[in-house]
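Student: Task: produce atomic coordinates for the following.
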Amino acid sequence: MTVPLSILDLATIGPGQTAAESFAGSVAMARLAEDRGYRRIWYAEHHNMSSIASSATSVLIAHVAAHTSSIRLGAGGVMLPNHSPLTIAEQFGTLETLHPGRIDLGLGRAPGSDQNTMRALRRDPMSADSFPQDVLELQGYLTGPTRIRGVEATPGKGTNVPLYILGSSLFGARLAAQLGLPYAFASHFAPNALQDAVAIYRSEFRPSAQLEAPHVIAGVNVIAADSAAAAQTMFQATKRARVSLFFGNGRVFSDDEADMILDSPQGQHLAQMMKYSAVGTPDAVLAYLDEFTEHADADELIVAHQSTGTEARLRSVELLADAAQLLRA
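Tutor: Below is the predicted model:
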């Protein structure tokens, strides 16, 4: 690989699994990734999704950090309009104080949920409009000086936790460029604006105290397996699971039902969300990622190992590390 590899762990709760088993899998993945040379692991804030256990992102980061020693860990990301900037500064200031030099804070403005869940979160539907101001307020708490007179984050002030702007549109690209922050594009599930967003980010980037030159992280799905057939079987199972997640309303579809939906216009849209997916043997996955890196003009890839079972995801992590010749810890 010509760029570093990182991991987006969705803390998946697989069929028949509990949240506790999902967390154990996240710890196992982090330990393996640390040993095999991945740069960082991020966890995303999602709410009211029965198959994703990373809703309390900072708590999960703390748990994984306590069971690892060197790999960077962070949010990919915290949906800032769901929270006060001060609260997030205190949480991530605490994490950085406990695990110095290991914590990242990726920030998004989406709800990470549906409309009913937004109301349950007590979120103002207009809160996303203040996202740029909230990012600056949060940055002030972590780096100083504070932008709210007389209010400091303790812990937080002076920790300088690095911020990343997450996005899937041109808005995030322009904001990251204006603020001089790294930009992570969610191309693993929202591929359409990838190249336009990266081009705008690079052309409009202004250096900052945190970052002198643009840094693009691009998301991509990965299923590496010992055979191409096994990888394709897991890929189909992953798409079927997404059908139940997005269309099931609590119901799990049979394989035949899921395949019928995947053949429909709605299903085709769902499949398009996974446009950027490297699926196959390690060499085939590596070749895809090399091409994707150039296509995305990326400085780093963050891969979502998408197999439905924990052991298969761990095997994918291991196979990709071997193929990419990552340096072991």
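Student: Which parts of the stretch 51-200 of the chain are strands?
Tutor: In the stretch 51-200 of the chain, the segments counted as strands under DSSP state E, counting those that start in this stretch are 72-79, 103-108, 163-167, 183-185.
Student: want to throw those strands into TSV with mean pLDDT, mean neighbour count and distance to residue 194?
Tutor: In this view, the C-beta of every residue, glycine as well, is placed from N, C-alpha and C. Below are the strands of the stretch 51-200 of the chain laid out as TSV (pLDDT from 0 to 100; neighbours: other C-beta atoms under 10 Å; distance: least, C-beta to C-beta, whole Å):
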stretch	mean pLDDT	mean neighbour count	distance to residue 194
strand 72-79	96	26	16
strand 103-108	98	26	16
strand 163-167	97	25	10
strand 183-185	98	29	6
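Student: need those strands in CSV with distance to residue 286, can you?
Tutor: Formatted as CSV, these follow (distance: least, C-beta to C-beta, whole Å):
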stretch, distance to residue 286
strand 72-79, 23
strand 103-108, 25
strand 163-167, 25
strand 183-185, 21
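Student: Which of the three states applies to residue 223?
Tutor: strand (DSSP: H, G, I helix; E, B strand; the rest coil).
Student: Distance-wise, check it relative to residue 49.
Tutor: Counting by C-beta to C-beta, to the nearest Å, the gap from residue 223 to residue 49 is 21 Å.
Student: So between those two, which is more surrounded?
Tutor: Between residue 223 and residue 49, counted using other C-beta atoms under 10 Å, the more crowded position is residue 223 (29 against 17).
Student: show me the residues around residue 96 that make contact.
Tutor: Residue 96 makes contact with 102-103, 155, 159-161 under the criterion C-beta atoms under 8 Å, 6 or more residues apart in numbering.
Student: Can you give me the neighbour number for the nearest residue to residue 255 once chain neighbours are set aside?
Tutor: What sits nearest to residue 255 in space, not counting adjacent residues and going by C-beta to C-beta, 6 or more residues apart in numbering, is residue 240, at 6.0 Å. Residues lying near residue 240 (other C-beta under 10 Å) number 21.
Student: and if you look at residue 196?
Tutor: Residues contacting residue 196 under the criterion other C-beta under 10 Å number 12.
Student: Give the closest residue to it in space, chain neighbours not counted.
Tutor: Closest to residue 196 by C-beta to C-beta, 6+ apart is residue 170, at 6.4 Å.
Student: From residue 251, how far off is that neighbour?
Tutor: Using C-beta to C-beta, we find residue 170 at a distance of 36 Å from residue 251.
Student: The two: which has the busier surroundings?
Tutor: Set residue 170 next to residue 251 and count neighbours by other C-beta under 10 Å: residue 170 wins out with 14 against 8.
Student: my read: the more buried one touches residue 203, true?
Tutor: No: applying C-beta atoms under 8 Å as the test, residue 170 and residue 203 come out as separate, 11.7 Å apart.
Student: need the contact list for the residue nearest to residue 131 when sequence neighbours are not counted.
Tutor: Among residues not flanking residue 131 along the chain, residue 109 sits closest, at 4.0 Å (C-beta to C-beta, 6+ apart). Counting by C-beta under 8 Å, 6+ apart, residue 109 touches 79-81, 128, 131, 171-172.
Student: still on that earlier bit, list the contacts for the residue nearest to residue 255?
Tutor: By C-beta under 8 Å, 6+ apart, residue 240 lies in contact with 253, 255, 258-259, 262.
Student: at 10 Å what do you get?
Tutor: 252-259, 261-262, 308 (C-beta atoms under 10 Å, 6 or more residues apart in numbering).
Student: Could you measure from it over to residue 299?
Tutor: In this view, residue 240 and residue 299 are 34 Å apart by C-beta to C-beta.
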